[in-house]
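Asks: need a structure here:
(one chain, ligands or ions: 1)
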Amino acid sequence: MREYAADWEALKATDPEVAEAIAGELERERTTLRLIASENYASPAVLAAVGSTLSDKYAEGYPGRRYYGGCRYVDVVEQLAIDRAKELFGAEHANVQPHSGATANMAVFGAFLQPRDPASTVLGMKLAHGGHLTHGSPVNVSGMWFNFIGYEVDRETEQLDMDRIRDQALAERPRVILAGYTAYPRTIDFEAFRQIADEVGALFWVDAAHFIGLVAGGAFPSPVPYADVVTFTTHKALRGPRGAMILCREEHAKAIDKAVFPMMQGGPIENNIAGKAVALNEAMTPAFRGYAERTVRDARALASGLADEGLRVVSGGTDSHLALVDVRPLGVDGKSAETLCDEVGITLNKNQIPYDPNPPSAPSGIRVGTPACSTLGMDEPEMREVAGIIGDVLLHPEDAGTKEKARAQVRDLMQRFPLYP
Ligand code: DSN
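Replies: Just a heads-up that it's a prediction; the model follows:
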C-alpha cells in the first residue's frame, strides 16, 4: 500500500491563490521574529499528522464507544493521545477532543455550572489584570451566562496576593475558583489555591493554556496534583497543533466527557488529535525539556534586557515564558510600540498592565513571549540582541535609519536560526 499525507504540489496546482497565501505566511514567519507569547512553531511531524487523511473520518463518541463504524484507526490515535497526556502530566483522566481553549472552558461550565444561576459563581482573575476573555468577560458567554467575580494582583508587587484572594473566597463562597492567566509572568501557588478551594468547598480549575508546555518540560510548577480540572490549548508553549485538552480527576471524568461531547461539540477533529498525540510524544523527550528550560531562561534575559533599555518590567521579572512590560518610560504607549516593532519585523502584543490608567485600545504595555524563539534555538545572547533592537526602535520612533538597521538585524537573526526545512 502506498502511504499518503499532505501534498503541497497538489495544493499549488489545484488552488494557487490559497497556496500563494500559505507560502506568503511561511515567508513572513521565516523573516520576522515571533514574540507573541501564545504562538509557536509546530514540528514537521505534527504538521504531517494534521495534514493527514484522518481529516476525512467522523468519530462522534470516544474510543471503543463511537456512533460511527470504521473507527478502528482513529481509536488507536485518540487512545494514544489520551494515554500520553495522562502519563506526561500524571493525570487521572484526559479528554483530548476540545477544538479550542474556549470550547474546553465551555465544557467546564457545562460540567459544573448552571447558566444564569446566582449560586454558580466563579472566582477568577480580572481580564485587565491578566485573565482571559473566557474567564467572565461581559462580551463572552462566560460573563453573559455565568456569575464571575474578579480578583486582582496586588498594586505594589503586581503579583497574586493569596491572603486577599482567600478573603474574597470566604466572602463570596464561589462554586469554582479559577487560576491560570494570559498575561501573568510569575509562578502560581497552586497548593495555596487548593487550600482556599477546600476551605470554601469550591472546585479548583486551572486554565493552563499559556504554561502547560513549560509544565511538560519541567520548567514550571504543575497544577495537576492540586486542581480538579485543568484546561489548556495545545498550540502554545506545548508546541502542538491548534486545539485543546482537558485533564481532570477521575471523579469528574464522566461529567467532563459528557460536557465536551455531546454537550458542546459534535465530531472530534481526529487529524488534529493525531497532531496532539505526536506533540505529547515530542514533549516527553530530553530535547523538549531543554526547550522548556531555555524558554524561561530566554524570557528572563529578554525582560532584563528590556529593563536595561529603560522599560519597566511589570512585577519586576518573570518565572515563565512571558514578560509584561510597561513601555511608557520611553514615551510611547503599547499600541504604538506594537506598530513600531511590527514595522521592523518583530510581532508582539500591546497589553494592559495591572491598574492601567490607559484604555485597552492604547494600553501602557506590551506582552513579549519566548516559546517561538526558544524553539528555533535562540538563547540569552540573542534575547539581549532583541531587547537592544526593541529599545532602539522605541527610543527613535521617527528615525528611518534606526528602523532600517533594526529590520536588517531581525532578518539576520532569522537567517541564523532558520525555520522549517
Ligand atoms: N489568545 C490567547 C493569547 O494570546 O493569550 C489566549 O487564548
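Asks: residue of the stretch 51-200 of the chain closest to the ligand, please.
Replies: When scored by Cβ to the nearest ligand atom, the stretch 51-200 of the chain has T182 as its residue closest to the ligand, at 3.7 Å. Where you see a C-beta, it was placed from the backbone N, CA and C, and this is true even at glycine.
Asks: distance of K405 from the ligand?
Replies: Separation of K405 from the ligand (Cβ to the nearest ligand atom, to the nearest Å): 29 Å.
Asks: my read is that residue is in a helix, agree?
Replies: Yes - assigned with DSSP: H, G, I helix; E, B strand; the rest coil, K405 falls within a helix.
Asks: how about the closest residue to the residue of the stretch 51-200 of the chain closest to the ligand other than its chain neighbours, secondary structure?
Replies: Excluding the flanking residues, the one nearest T182 by Cβ to Cβ, 6 or more residues apart in numbering is H132, at 4.9 Å. Using three-state DSSP, the structure places H132 in coil.
Asks: what's the spacing between stretch 386-396 and its chain's center?
Replies: Stretch 386-396 has its C-alpha centroid displaced from the chain centroid by 26 Å (Cα atoms, centre = their mean, to the nearest Å).
Asks: was I right to think the residue of the stretch 51-200 of the chain closest to the ligand contacts T134?
Replies: No - T182 lies out of contact with T134 (Cβ atoms under 8 Å); the separation is 10.0 Å.
Asks: between the two, which has more neighbouring residues?
Replies: T134 (25 against 22; other Cβ atoms under 10 Å).
Asks: low-scoring pLDDT stretches of the chain, where are they?
Replies: The chain contains no residues with pLDDT under 70.
Asks: remind me, longest helix of it?
Replies: helix 286-308 (DSSP state H).
Asks: list the buried residues in that one.
Replies: 288, 291-292, 294-307 (16 or more other Cβ atoms under 10 Å).
Asks: ok, and what's touching the helix or strand where I256 lies?
Replies: Secondary structure assignment for I256, by DSSP states H and E: helix 253-258. Helix 253-258 has contacts (Cβ atoms under 8 Å, 6 or more residues apart in numbering) with Y62, E92, H93, N95, A107, V108, G110, A111, F112, V229, I246, C248.
Asks: just the buried residues of those.
Replies: Buried members of those, counted by 16+ other Cβ under 10 Å: Y62, H93, N95, A107, V108, G110, A111, F112, V229, I246, C248.
Asks: before we move on, the earlier item: and the contacts of helix 253-258, which is closest to M144?
Replies: Set against M144, the nearest of the contacts of helix 253-258 by Cβ to Cβ is G110 (14.7 Å).
Asks: show me what contacts that closest one?
Replies: G110 sits next to K258, A259, M263, M264 when contact means Cβ under 8 Å, 6+ apart.
Asks: repeat that for S137.
Replies: Residues near S137 by Cβ under 8 Å, 6+ apart: L127, G143.
Asks: contact partners for Q79?
Replies: P63.
Asks: which element is it on?
Replies: Using DSSP H and E, Q79 falls within helix 72-89.
Asks: who's in contact with the helix or strand that that helix is followed by?
Replies: Following helix 72-89 in sequence order, the next helix or strand is strand 93-95 (DSSP H and E). Residues from elsewhere that reach strand 93-95 (Cβ under 8 Å, 6+ apart): 81-82, 85-86, 107, 245-250, 252-253, 256-257, 260.
Asks: same thing with stretch 329-347?
Replies: The contact list for stretch 329-347, computed with Cβ under 8 Å, 6+ apart, reads 31-36, 309-312, 327, 348-352, 358, 361-366, 386, 389-391, 393-395, 397, 403, 406-407, 410-411, 414.
Asks: so is that stretch next to the ligand?
Replies: No - under the criterion of Cβ under 6 Å from any ligand atom, stretch 329-347 makes no contact with the ligand; the nearest approach is 11.6 Å.
Asks: tell me the gap between the helix holding I256 and the middle of its chain.
Replies: For helix 253-258, the distance to the chain centre is 23 Å (Cα atoms, centre = their mean).
Asks: dump the C-alpha coordinates for the next helix or strand along the chain from that helix into PDB.
Replies: Where DSSP H and E defines the elements, the next helix or strand beyond helix 253-258 is helix 270-283. Written as PDB, here are the backbone C-alpha positions of helix 270-283 (Å, rounded to 0.1, in the frame of the first residue of the first chain):
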ATOM      1  CA  GLU A 270      -9.100  13.300  14.500                       C
ATOM      2  CA  ASN A 271      -6.300  14.700  12.400                       C
ATOM      3  CA  ASN A 272      -5.700  17.400  15.000                       C
ATOM      4  CA  ILE A 273      -5.900  14.700  17.700                       C
ATOM      5  CA  ALA A 274      -3.200  12.800  15.800                       C
ATOM      6  CA  GLY A 275      -1.200  16.000  15.900                       C
ATOM      7  CA  LYS A 276      -1.800  16.300  19.700                       C
ATOM      8  CA  ALA A 277      -0.600  12.700  20.200                       C
ATOM      9  CA  VAL A 278       2.600  13.500  18.200                       C
ATOM     10  CA  ALA A 279       3.200  16.700  20.200                       C
ATOM     11  CA  LEU A 280       2.800  14.800  23.500                       C
ATOM     12  CA  ASN A 281       5.300  12.200  22.400                       C
ATOM     13  CA  GLU A 282       7.800  15.000  21.500                       C
ATOM     14  CA  ALA A 283       7.100  16.700  24.900                       C
END
